[in-house]
Each structure stands twice: as structure tokens, then as C-alpha cells.
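>>> pasting the sequence and the predicted model now:
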Amino acid sequence: MGQYMIEGGNRLYGSVRVQGAKNSALPILAATVAVGVPCVIHNCPDLTDIDSTVKILKSLGCEVHRSVGSVSVDSSHISSNCISDTLMREMRSSIIFLGALISGTGEAVMTAPGGCDIGLRPIDLHLTAMQKLGIRVTEEHGQIRCSCQKVRGNKITLSFPSVGATENIILASVKASGVTTIINAAREPEIVDLAMFLNSCGARISGAGDSTIVIEGVERLHSVQYAIMPDRIVACTYMAAAAVTSSSIIIDEVIPSHLVPVFSCFEQTGCRIETAGNKIRITSPQRLRAPETIRTMPYPGFPTDCQAIMMSVASVADGITLINENIFENRFKHVAELNRMGADIRVHDKVAVVNGVSRLQGTRVHSTDLRAGAALVLAGLCADGVTTVDSICYIDRGYDSLAKNLSSMGAKIKRKD
Ligand code: UD1
């Protein structure tokens, strides 16, 4: 399963380059199925979730070639529209293939997706939206079948701005007859990246990044080479690494505006943030102050994916932080592990009360999901003694070369497989 062994208490220095965004790369790779001609995707991070996506693409009959940082996909000879239960269970975002397959082949057959256990994660919004587009949806013995002669554009109002549902609607309607309008669409930067990729292939999508997205269906899409945007959650993780170790580092190849929702939180701790072009310098004080209440919200609110990361920061800050998790109902599993390291955190339903302590102590802890694992690595970086983080397979889903990057900045972290 793999472990990280971290010797805490070392200051970080220098700079780190941020990888391409996992949550852009996954839908964009799936989107190549809708494009139907060869595409090359650059700045693709090396992650196990990307491995799972490539397995799905190959199982559908796509020709896929990987080289360092790039994945080329030729979906012009798709031979299947069915994704096996084993592959669907590997990750949640496999559901994005629903809209992509509908656009590419007119039919999609799959089971419910798996992924990190952070809540119920239903797909009702995805399926209702497909029906609104004239797609026939049937569910039998756990298998979902969606089929359609020609997708018909429609107006779809989401009751919640779901990232995945917004992406699936865009993918399903990109070649529809007529116009699709999504009201209350998710506004995350990853939605904008997906729309920019599809538009560079000849799609007509406007409004991505706003609450109303309009998709004018086009007959066909064309080949393109496209570079994935930087990963804002990974950038936030490195900011937190600097914060907990009283360090000053430069985070390179980021889009600072994507991190505005987390900046004020770091500033409240006493960290100084300077931005210039695609770089951020973060300088942390000797002792952090507890940030005020953190409420996870859809973008441009505070991202749920940064909640566990910020909890590690709050754990070693002076004062009390209230963390309100509003997106996923089961996303506090890291609390028990942080408390094993000496943190003082209590959970009451959706709220965690973090009473900052002066030091954490290294011990053996267990990753329970991707961002929980990252939070434990951060705690290990500032803890006294050695921290062993088990089950780092979760961290491998979303972080490319985490130990290598932290080591290059002075951290003492080793990987044991
Ligand atoms: C995506 C991200 C994930 C991030 C999340 C929220 C990817 C690959 N993953 O996940 O990292 O944490 O956005 O920013 O991009 N919901 C329903 N019914 C649905 C769909 C969603 O009730 O049909 C609920 C979910 O249970 C959850 C909330 O809506 O409570 C948000 O989910 P959603 O925005 O869809 O997240 P994902 O696309 O799964």
C-alpha cells in the first residue's frame, strides 16, 4: 500500500512547480471520446486517477500513448460504449464518460462510480439532466444505460451547481441539435478549462466560469493539442506546507486568481502572500494565528478539497477555528488521525472545532482519502519526531511527485513501497 516517513521540523526553501490539474485532466481526457479524432493533451500529471482514465479509454477501443507529461488519444475507432464495473469503481470521475460517450457514440452503458469515500455522492443530477436532453436513461441490476439517436438541446436548471453534472451536460450537448443552456452551473476553473479545450476543437460554448453556460451544438469537432491548467488544490497544499513549517517558498506555474478563495485564510494566519505573473511567494510567520471560520462552498467559495489541508494549518495555529463542511457529508475522517498526532479537534455534525496546539507529535497515521492523506503529510512536516503516513495510494490519486518536490525544498520525507 506504500508509506511516507516524514521527519518533522525542517524549514522549506526555494521553489516548486505545480503539476497540471487532476480535475481538469480527467474530464478533458474523457472529452476526447466526444471529439472523435486524435488529440494530444499536455501538462498531464502522472497520477493513478490518470492511469484509471487511460484504462477506460483503452477499454473503449481508443488508441492511447503516454509520454512524459503528455497523453495522446485517438478515439476515431471506438469499439465499445460499455465501461466495466471494475473500472467504474476505481474513481468517481468515471461518470464523466457518460456525456462523452453519448456525444461520441450515441450510447453509454456503465455502473455507478466509485472513488474516495467522502460522502454519498449520488448521480441523480447527471441522470435527470441527460433525460432533459432527450436521452433515454434506464437502470437495471445496477447498470445504467443511456442512449439517444440525436441529443436535443434544452434548458437545464441544476438544483445545486455540481461540477460533474455541469461537465456531463457540456459533454453530452456539445454535438446536440439546437442550444443547451445550463442555469446554476458550477463555476470552477476546471469547467472553464474543459470548455476551452472543447472550443479549441470547434465547439461553441460560452459563459463557462459564470452561472449560465450556453452550448450551441456543432456537427463535428476537430483534432487539437491542448495543455491542462495548473492544479489549484496542489498549489494550496504547497502553500500550507510553507505555512506549517514557518517557511518562505515560491510556488511556480500557478494561476494566482484561482487561489483567491484560499488567500484570505492564509493571510488571517499571518502568512504574507505576494503574486507576480504565474508565481506566488508565501512567507509564514514564526507562529500562526488561527484563521476565522472556514465554510466550504462551490467556487468562488472556499474549496472543499482544501478543507483537510487547512485543518492541518489550523491545528498548529494560536486560537480556535470553526470549519464548516457544506459539500460532502463524510469529509472529516482525517480528524481522528490528526488527533492521534496531538491535535485538538472536535466534530459536531458538519462543523469541526479546531483548537490550535503548540506542537504535533509524529506517530503512525492512516490516509483515508486523497486530501486527508495530504493533510497528514502536512501535519508530519511540522510534527516532533517521525510521522508514518500509511495507505498513500490515496495521495497518489492526486499528487504527482509529492515527496520528491517537498524533499527538493528541504523536507525530510521518504517513500516506502
Ligand atoms: C468534483 C471534484 C472534487 C470536488 C468536488 C466539489 C472532480 C474529478 N472532482 O467532484 O474533487 O471535491 O467537485 O468541488 O472534478 N451531488 C448530488 N447529486 C449529483 C451530483 C452531486 O447530490 O448528481 C452532490 C454531491 O453529493 C456533493 C455535491 O453535490 O454533495 C457536490 O458534488 P459535485 O460538485 O458533483 O462534485 P464532483 O463532480 O463529484
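The structure has been received and is ready for your questions. Numbers count the residues shown, from 1 in each chain.

>>> which residue ranges make up the domains of this structure?
3-19+231-416, 22-227 (automatic domain parsing).

>>> which one of those lies closest to the ligand?
Judged by C-beta to the nearest ligand atom, the one of the domains of the chain that comes nearest to the ligand is domain 22-227, at 2.9 Å. Just so you know, the C-beta spots here come from the backbone N, C-alpha and C atoms, and that holds for glycine as well.

>>> who are the packing partners of the strand or helix carrying Ala129?
Counting by DSSP states H and E, the element that carries Ala129 is helix 124-132. Packing partners of helix 124-132 (3 or more C-beta pairs under 8 Å, 6 or more residues apart in numbering; DSSP states H and E): helix 97-105, strand 136-140, strand 143-147, helix 163-173.

>>> okay, angle between the first one and helix 124-132 too, please.
It refers to helix 97-105. 20 degrees (axes from the mean of the first three to the mean of the last three C-alpha atoms, to 10 degrees).

>>> what residue ranges in the protein score low on pLDDT?
When residues are selected by pLDDT under 70, those of the chain lie in 115-120.

>>> interface residues of it facing the ligand?
23, 26, 92-93, 119-126, 160, 162-165, 186, 190, 304-305, 327-328 (C-beta under 6 Å from any ligand atom).

>>> selecting buried members of these in PyMOL, what would you type?
Under the burial definition 16 or more other C-beta atoms under 10 Å, those of the residues of the chain next to the ligand that qualify are selected in PyMOL by:
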select buried, resi 23+26+92+93+121+123+125+126+162+163+164+165+186+190+304+305+327+328
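
>>> output stretch 191-211 as PDB, nothing but the C-alphas.
Output in PDB follows, covering the C-alpha atoms of stretch 191-211 (Å, rounded to 0.1, in the frame of the first residue of the first chain):
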ATOM      1  CA  ILE A 191     -15.200  23.800 -16.000                       C
ATOM      2  CA  VAL A 192     -13.600  26.700 -17.900                       C
ATOM      3  CA  ASP A 193     -10.600  24.500 -18.800                       C
ATOM      4  CA  LEU A 194     -12.900  21.800 -20.200                       C
ATOM      5  CA  ALA A 195     -14.900  24.400 -22.200                       C
ATOM      6  CA  MET A 196     -11.600  26.000 -23.600                       C
ATOM      7  CA  PHE A 197     -10.400  22.500 -24.700                       C
ATOM      8  CA  LEU A 198     -13.700  21.800 -26.400                       C
ATOM      9  CA  ASN A 199     -13.900  25.300 -28.000                       C
ATOM     10  CA  SER A 200     -10.400  24.800 -29.300                       C
ATOM     11  CA  CYS A 201     -11.700  21.600 -31.000                       C
ATOM     12  CA  GLY A 202     -14.500  23.700 -32.700                       C
ATOM     13  CA  ALA A 203     -17.300  23.600 -30.000                       C
ATOM     14  CA  ARG A 204     -19.400  26.600 -29.300                       C
ATOM     15  CA  ILE A 205     -19.600  27.000 -25.500                       C
ATOM     16  CA  SER A 206     -20.000  30.400 -23.900                       C
ATOM     17  CA  GLY A 207     -20.400  31.500 -20.300                       C
ATOM     18  CA  ALA A 208     -18.100  28.900 -18.700                       C
ATOM     19  CA  GLY A 209     -17.000  30.300 -15.300                       C
ATOM     20  CA  ASP A 210     -20.400  32.000 -14.900                       C
ATOM     21  CA  SER A 211     -23.600  30.500 -13.600                       C
END
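
>>> list the buried residues of that stretch.
By neighbour count on 16+ other C-beta under 10 Å, the buried set for stretch 191-211 is 191-199, 201, 203, 205, 207-209.

>>> strands - which of the residues you listed land there?
Of the positions in the buried residues of stretch 191-211, Ile205 sit in strands, assigned by DSSP state E.

>>> closest to Leu378 out of the buried residues of stretch 191-211?
Nearest to Leu378 out of the buried residues of stretch 191-211 is Asp193 (C-beta to C-beta; 26.0 Å).

>>> so where do the helices sit in the chain?
22-35, 48-59, 85-90, 97-105, 124-132, 163-173, 189-200, 232-244, 260-268, 307-315, 334-340, 370-382, 393-396, 402-408 (DSSP state H).

>>> would you list these in CSV and tack on distance to Arg346?
Below are the helices of the chain laid out as CSV (distance: least, C-beta to C-beta, whole Å):
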stretch, distance to Arg346
helix 22-35, 30
helix 48-59, 32
helix 85-90, 33
helix 97-105, 40
helix 124-132, 32
helix 163-173, 30
helix 189-200, 33
helix 232-244, 21
helix 260-268, 20
helix 307-315, 12
helix 334-340, 8
helix 370-382, 17
helix 393-396, 24
helix 402-408, 29
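
>>> so which of the ones you listed is nearest Ser75?
helix 22-35 (4.9 Å).

>>> and the angle from that closest one to helix 189-200?
Using the same axes, to 10 degrees: helix 22-35 against helix 189-200 is 30 degrees.

>>> how far out from the middle of the chain is helix 22-35?
Put simply, helix 22-35 sits 13 Å off its chain's centre (C-alpha atoms, centre = their mean, to the nearest Å).

>>> going forward can the numbers begin at 29, since that is how I track them
Okay, using 29 as the starting number, the last item reads as helix 50-63.

>>> check contacts around the closest residue to Asp113 other than its chain neighbours.
Distances taken as C-beta to C-beta, 6 or more residues apart in numbering put Thr139 closest to Asp113, at 4.5 Å, once the chain neighbours are dropped. Taking C-beta atoms under 8 Å, 6 or more residues apart in numbering as the criterion, Thr139 is in contact with 111, 113, 116-117, 170-172.

>>> and Thr139, bridged to which residues?
When assigned by DSSP bridges, Thr139 has beta-bridge partners Gln171.

>>> check Asn383 too.
With DSSP bridges applied, Asn383 shows beta-bridge pairing to Ile348, Asp372.

>>> what number of residues lie near it?
15 (other C-beta atoms under 10 Å).

>>> right, and it touches Asn367 too?
No: contact criterion C-beta atoms under 8 Å: Asn383 and Asn367 do not qualify, at 10.8 Å.

>>> common neighbours of these two, please.
The contact lists of Asn383 and Asn367 share Ile373, where a contact means C-beta under 8 Å, 6+ apart.
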